[in-house]
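[1] Sequence and predicted model, in that order:
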Amino acid sequence: MTAVADARVTGRARGSSRDLTGTGTLLRLALRRDRIMMPVWVLCLGLTASSTVGRLDSAYETPAQRTQLVQDMNGNGATRALFGTAFGDSLGALTVWRVGAFLTVFAAIMSLLIVIRHTREEEETGRQEALSSCVVGRRAGLTAALLTVAIANGAVTLLVAGGLAAQGGSGAVALGLAVGLSGMAFGGLAAVAAQLTESARLARGLSAAAVGVAFVLRMAGDAAEDGSKGSGHVLTWLSPLGWAEYARPFAAERWWPLLLIAVLAAASISVAYSLAGRRDVGASFYATRPGPRAAGPFLKGVFGLGWRLQRGALAGWVAGFVFAGAIFGAISDGADDFLGDSDQTREIIERMGGAQGLNDAFLASMVGILGTILTVYSASSVLRLRSEETDQRAEPLLSNAVSRLRWAASHLVISYLGPVAVLAVGGLALGLGYGMASGDVGGSLPRVLGAAISQVPAVWLVTSLTVLLIGALPKYSSAAWGLVGWVVALGWMGPALKVSQSVMNTSPFSHLPKLPGEHVTAAPYLWMVLLSAVLTAGGLVALRRRDIG
């Protein structure tokens, strides 16, 4: 019996080692494929914290100013939801307050993109099956992807901790670990999604939805309760991003919330490994249901196909904006009363939303945030063109009686009209939430809805730049994400860090009137629409003249 048991253990050990055969080679391949994208992510995240210290030091020079800023921010639920809770008035603690949530969210996004790119996307395109015909273990691809994301998050951890070491060693380490472990946790969740779904796009959508839910829970919890005065709100504790916040870097660090993030990362990775060993390459646990034998009349055209491919993402963004708009609207009423005589907080809100009444300025800042975040959808919608091309699904369409312009238009019509629909629905939710809280739905709803729709030209400009990249520089089309990240970062962090107006003007949103409240002129809208049309035309002309693929 002992010999039989030993043989079984030995067999399992050999099976486990065979499952990892080829991991080193696949890891080198993944690092080579990500040799541009990953260093850019790592450097942007790693250097954000250290650059923020200097800006905060120049913006709030005295301890009294920093103490007053913390009191003002923590005393208002609306600003806590927007910026998070500040646990101390040192430069290190203020840096965590200002960019901590930003770093954890974008580390999560970086991680899920890397994991899904090297797992489900490889299977969807058939490359993993070709590799598996060689001496490659069943779990080698997943292991290589997780090692890649571990290297990226490890580098971010070191850069964040090293950049803030002068502000306090333990606080710097706590923040670095909070960011890195958050990235690993959501990378593990993305690995689970890659096992469950048959489509890389759906896996990315589910993983991004997990990040969005965690962020909204953190916002709602911080808005409901000032965590600096107690144990925190239950909604914040339900979010992994809340665990990172409650580690309290630079404010009497608490290390056990970081252990919760590590447990989530380990558990999700373990589940992903278990699922990977129970399915075939290319298969999934929730396979796409077969459609009807004959396509309906709407699917017989290329525009119907484009809508079918894009409708899921559009529906998800609409639902997310309804939820976010309702929350933002409910907390916007009474901002003037809440903030009282706080000059510093008023200045931040006014830089974001204009110098009109503080309630209108706060609403304008919320509208601006929704607009900048929507650039993520617009860029991903246009980049669907490039993925259809590189995955060799566009060529069969173009080999028939479908022109390149018609094929591109089938996606671009959604890329341009989709943001209009999303902003309209989000504006309705924001206006209703604010109107119900203030008791003036009839007066508030049209103003807020108009303010939300006014963001469309700026979103279109980012969309058109993405079209130009796909048409003229297809190999570098992923640079659109750099543009999106820059726009979002300026909208989120620029006003609080008092970034110069010349830098803020590099974002198209800075050229729009701050609505509701400010005077409206047609010139900026007309110029943006005209520039968008020119850029789109240039991208489509370049697409017609280059090779497909």
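    Cool, got the structure. Numbering: from 1, shown residues only.

[2] Now do residue 442: how many residues are near it, please.
    Counted with other CB atoms under 10 Å, residues neighbouring residue 442 total 7. Where C-beta positions appear, they are placed from N, C-alpha and C, glycine not excepted.

[3] what secondary structure does it sit in?
    helix (DSSP: H, G, I helix; E, B strand; the rest coil).

[4] Nearest residue to it in space, please, no chain neighbours.
    Sequence neighbours aside, residue 435 is the residue nearest to residue 442 in space, at 7.4 Å (criterion: CB to CB, 6 or more residues apart in numbering).

[5] list the buried ones in the helix or strand containing residue 490?
    Using DSSP states H and E, residue 490 sits within helix 479-493. For helix 479-493, burial by neighbour count (16 or more other CB atoms under 10 Å) applies to 479-481, 483-485, 487-493.

[6] for it, packing partners?
    If you count contacts as 3 or more CB pairs under 8 Å, 6 or more residues apart in numbering; DSSP states H and E, helix 479-493 packs onto helix 37-59, helix 91-117, helix 358-390, helix 456-472.

[7] now with 7 Å?
    helix 91-117, helix 358-390, helix 456-472 (3 or more CB pairs under 7 Å, 6 or more residues apart in numbering; DSSP states H and E).

[8] Count the residues that sit near residue 61.
    Residue 61 has 10 nearby residues by other CB under 10 Å.

[9] That one in helix, strand or coil?
    Strictly by three-state DSSP, residue 61 counts as coil.

[10] Give me the phi and psi angles of it.
    phi -80, psi -30 (degrees, to the nearest 10).

[11] Low-confidence regions, this structure specifically.
    Applying pLDDT under 70 to the chain picks out residues 1-17, 76-79, 128-133, 227-230, 280-292, 295-296, 298, 330-359, 496-498.

[12] if I look at the spatially most central residue of it, how far off is residue 31?
    Geometric centre of the chain, nearest residue: residue 109, 5.4 Å, by CA atoms, centre = their mean. Distance, residue 109 to residue 31, using CB to CB, to the nearest Å: 19 Å.

[13] cool, and residue 436?
    Taken as CB to CB, the span from residue 436 to residue 31 is 52 Å.

[14] Which positions in stretch 430-437 come out as buried?
    430, 431, 432, 433, 434, 435, 436, 437.

[15] Just give me the neighbour total for residue 403.
    Around residue 403 there are 11 other residues, counting by other CB under 10 Å.

[16] what's the answer for residue 392, then?
    For residue 392, the count of nearby residues is 12 (other CB under 10 Å).

[17] Let's verify it: helix, strand, or coil?
    When classified by three-state DSSP, residue 392 comes out as coil.

[18] Does anything pack onto the lengthiest helix in the chain? Which helices or strands?
    Longest helix of the chain, by residue count under DSSP state H: helix 404-438. If you count contacts as 3+ CB pairs under 7 Å, 6+ apart, helix 404-438 packs onto helix 302-332, helix 358-390, helix 394-398, helix 441-453, helix 456-472, helix 523-545.

[19] try 6 Å
    helix 302-332, helix 358-390, helix 441-453, helix 456-472 (3 or more CB pairs under 6 Å, 6 or more residues apart in numbering; DSSP states H and E).

[20] Can you tell me the SS state at residue 232?
    Applying three-state DSSP: residue 232 is coil.

[21] is it true that the residue nearest to residue 442 touches residue 446?
    No - using CB atoms under 6 Å, residue 435 is not in contact with residue 446, being 9.8 Å away.

[22] The helix holding residue 490 to helix 37-59, inter-axis angle?
    Here the directions of helix 479-493 and helix 37-59 differ by 20 degrees (axes from the mean of the first three to the mean of the last three CA atoms, to 10 degrees).

[23] contacts for the helix or strand following helix 479-493?
    Per DSSP H and E, the first helix or strand lying C-terminal to helix 479-493 is helix 501-504. Identification of contacts with helix 501-504 by CB atoms under 6 Å, 6 or more residues apart in numbering yields 490, 494, 510.

[24] same check, this time on stretch 444-457
    Against stretch 444-457 from outside (CB under 6 Å, 6+ apart): 367, 371, 420, 423, 426-428, 430-431, 434-435, 515-516, 525, 528-529.

[25] Output it as PDB, restricted to C-alpha atoms.
    The C-alpha coordinates for stretch 444-457 follow below in PDB (Å, rounded to 0.1, in the frame of the first residue of the first chain):
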ATOM      1  CA  SER A 444     -32.500  70.700 -12.700                       C
ATOM      2  CA  LEU A 445     -33.000  68.000 -15.300                       C
ATOM      3  CA  PRO A 446     -32.800  70.000 -18.500                       C
ATOM      4  CA  ARG A 447     -29.700  71.900 -17.300                       C
ATOM      5  CA  VAL A 448     -27.800  68.800 -16.200                       C
ATOM      6  CA  LEU A 449     -28.800  66.800 -19.300                       C
ATOM      7  CA  GLY A 450     -27.600  69.600 -21.500                       C
ATOM      8  CA  ALA A 451     -24.300  69.800 -19.600                       C
ATOM      9  CA  ALA A 452     -23.700  66.100 -20.000                       C
ATOM     10  CA  ILE A 453     -24.400  66.100 -23.800                       C
ATOM     11  CA  SER A 454     -22.100  69.100 -24.100                       C
ATOM     12  CA  GLN A 455     -19.100  66.700 -23.400                       C
ATOM     13  CA  VAL A 456     -19.700  64.900 -26.700                       C
ATOM     14  CA  PRO A 457     -17.400  67.000 -28.900                       C
END
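
[26] Now that stretch: buried residues?
    So for stretch 444-457, counting by 16+ other CB under 10 Å, buried means 444, 445, 447, 448, 449, 451, 452, 453, 454, 455, 456, 457.

[27] just the residues you listed now: which is nearest residue 143?
    residue 455 (42.9 Å; CB to CB).

[28] and the gap between the closest one and residue 510?
    Distance of residue 455 to residue 510, computed by CB to CB: 12 Å.

[29] same thing with residue 517?
    From residue 517 to residue 510 the distance is 16 Å (CB to CB).

[30] for residue 329, same thing?
    Distance from residue 329 to residue 510, by CB to CB: 24 Å.

[31] Likewise for residue 148?
    Applying CB to CB, the value for residue 148 to residue 510 is 36 Å.

[32] who's more crowded, those two?
    residue 148 (25 against 18).

[33] Please look at the more buried one and residue 29 and confirm they touch.
    No - here residue 148 does not reach residue 29: they are 9.7 Å apart, not a contact under CB under 6 Å.

[34] and stretch 157-164, which residues are buried?
    Neighbour counts using 16+ other CB under 10 Å place 157, 159, 160, 161, 163, 164 of stretch 157-164 among the buried residues.

[35] Which secondary structure element is home to the second one?
    Think residue 159. Counting by DSSP H and E, residue 159 is found in helix 140-163.

[36] Contacts for that helix, please.
    20, 22-23, 26-27, 30, 38, 42, 45-46, 49-50, 107, 111, 114-115, 118-119, 128, 172-173, 175-176, 179-180, 183-184, 187, 276.

[37] how far out from the middle of the chain is it?
    Counting by CA atoms, centre = their mean, to the nearest Å, helix 140-163 is centred 18 Å from the centre of its parent chain.

[38] what's the angle between that helix and helix 91-117?
    170 degrees.

[39] hmm, who's touching stretch 204-220?
    Contacts of stretch 204-220 (CB under 6 Å, 6+ apart): 81, 105, 108, 112, 116, 189-190, 193, 235-236, 238-242, 320.

[40] Just the CA coordinates for that stretch, please, in PDB.
    C-alpha atoms of stretch 204-220 as PDB (Å, rounded to 0.1, in the frame of the first residue of the first chain):
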ATOM      1  CA  ARG A 204     -12.100  42.000 -20.300                       C
ATOM      2  CA  GLY A 205     -15.600  43.300 -19.800                       C
ATOM      3  CA  LEU A 206     -16.300  41.200 -16.700                       C
ATOM      4  CA  SER A 207     -12.900  42.000 -15.200                       C
ATOM      5  CA  ALA A 208     -13.400  45.700 -15.800                       C
ATOM      6  CA  ALA A 209     -16.800  45.500 -14.300                       C
ATOM      7  CA  ALA A 210     -15.300  44.000 -11.200                       C
ATOM      8  CA  VAL A 211     -13.000  47.000 -11.000                       C
ATOM      9  CA  GLY A 212     -15.900  49.400 -11.500                       C
ATOM     10  CA  VAL A 213     -18.000  47.800  -8.800                       C
ATOM     11  CA  ALA A 214     -15.100  47.900  -6.400                       C
ATOM     12  CA  PHE A 215     -14.600  51.600  -7.200                       C
ATOM     13  CA  VAL A 216     -18.200  52.500  -6.800                       C
ATOM     14  CA  LEU A 217     -18.500  50.600  -3.500                       C
ATOM     15  CA  ARG A 218     -15.400  52.500  -2.200                       C
ATOM     16  CA  MET A 219     -17.000  55.800  -3.300                       C
ATOM     17  CA  ALA A 220     -20.400  55.100  -1.700                       C
END
